[in-house]
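Participant: Need coordinates for the below:
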Amino acid sequence: MDLQLNLNSETVDHAHPTDALIVTPNTRVCDVLAIMKERNRSSVTVCSVGGGELVGIFTERDAVRLLAGSADLEVPIEQVMVREVVTLTRRDTVAKAIAMMWEGGYRRLPILDEAGRPVGMLGVAGILHYMVEHFPDVVYTLPPQPHAASHERDGA
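Facilitator: Below you'll find the model as predicted:
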């Protein structure tokens, strides 16, 4: 199979997204952290109470920033979440997801349905699993240090 063809034709659903972990804007930060720990997730999507539309995201990076700054963990998540969320749809390709992650420095992106509700979360681990699954010859034949320079001359 051709790498370029697959990346540009297969949708993000093929890249092993996880289910969306959703909380409401009034959920306390300490409760969000407990949910993330219990479900072994590194992010949650924050959705409006009535319509379930995405209004923000909270990730482990945000949690580290809060904890490093001795923040109040009793406040609602809406006070500390990221409001401008970069998202994908189920129709977006794996190539587009990789490009968005690379350009924005994201480790995960929410996948939304047509109504703007989260239906999944695509992470770097899902992309990596996709690559290994579809292109094992490329992945498994890489040397342990692909760009390593020898410190000694080879030969006699």
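
Participant: Let me see the ranges of the strands in this protein.
Facilitator: Under the criterion DSSP state E, strands of the chain are mapped to 22-23, 43-47, 54-59, 88-89, 108-112, 118-123.

Participant: ok and the third one relative to strand 108-112, angle-wise?
Facilitator: So the one you mean is strand 54-59. Strand 54-59 and strand 108-112 are oriented at 160 degrees to each other (axes from the mean of the first three to the mean of the last three CA atoms, to 10 degrees).

Participant: i'd like the first residue to be 500 from this point on
Facilitator: New numbering, starting at 500: the last item is strand 553-558.

Participant: Show me what strand 553-558 is packed up against.
Facilitator: Judged by 3 or more CB pairs under 8 Å, 6 or more residues apart in numbering; DSSP states H and E, strand 553-558 is in contact with strand 542-546, strand 607-611. All C-beta atoms are positioned from the backbone trio N, CA, C, and that covers glycine.

Participant: hmm, back to that, adding mean pLDDT, mean neighbour count and distance to Val528 as columns, could you present the strands of the chain in JSON lines?
Facilitator: Below are the strands of the chain laid out as JSON lines (pLDDT from 0 to 100; neighbours: other CB atoms under 10 Å; distance: least, CB to CB, whole Å):
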{"stretch": "strand 521-522", "mean pLDDT": "96", "mean neighbour count": "18", "distance to Val528": "10"}
{"stretch": "strand 542-546", "mean pLDDT": "97", "mean neighbour count": "24", "distance to Val528": "11"}
{"stretch": "strand 553-558", "mean pLDDT": "96", "mean neighbour count": "21", "distance to Val528": "8"}
{"stretch": "strand 587-588", "mean pLDDT": "96", "mean neighbour count": "18", "distance to Val528": "26"}
{"stretch": "strand 607-611", "mean pLDDT": "96", "mean neighbour count": "23", "distance to Val528": "19"}
{"stretch": "strand 617-622", "mean pLDDT": "96", "mean neighbour count": "22", "distance to Val528": "19"}
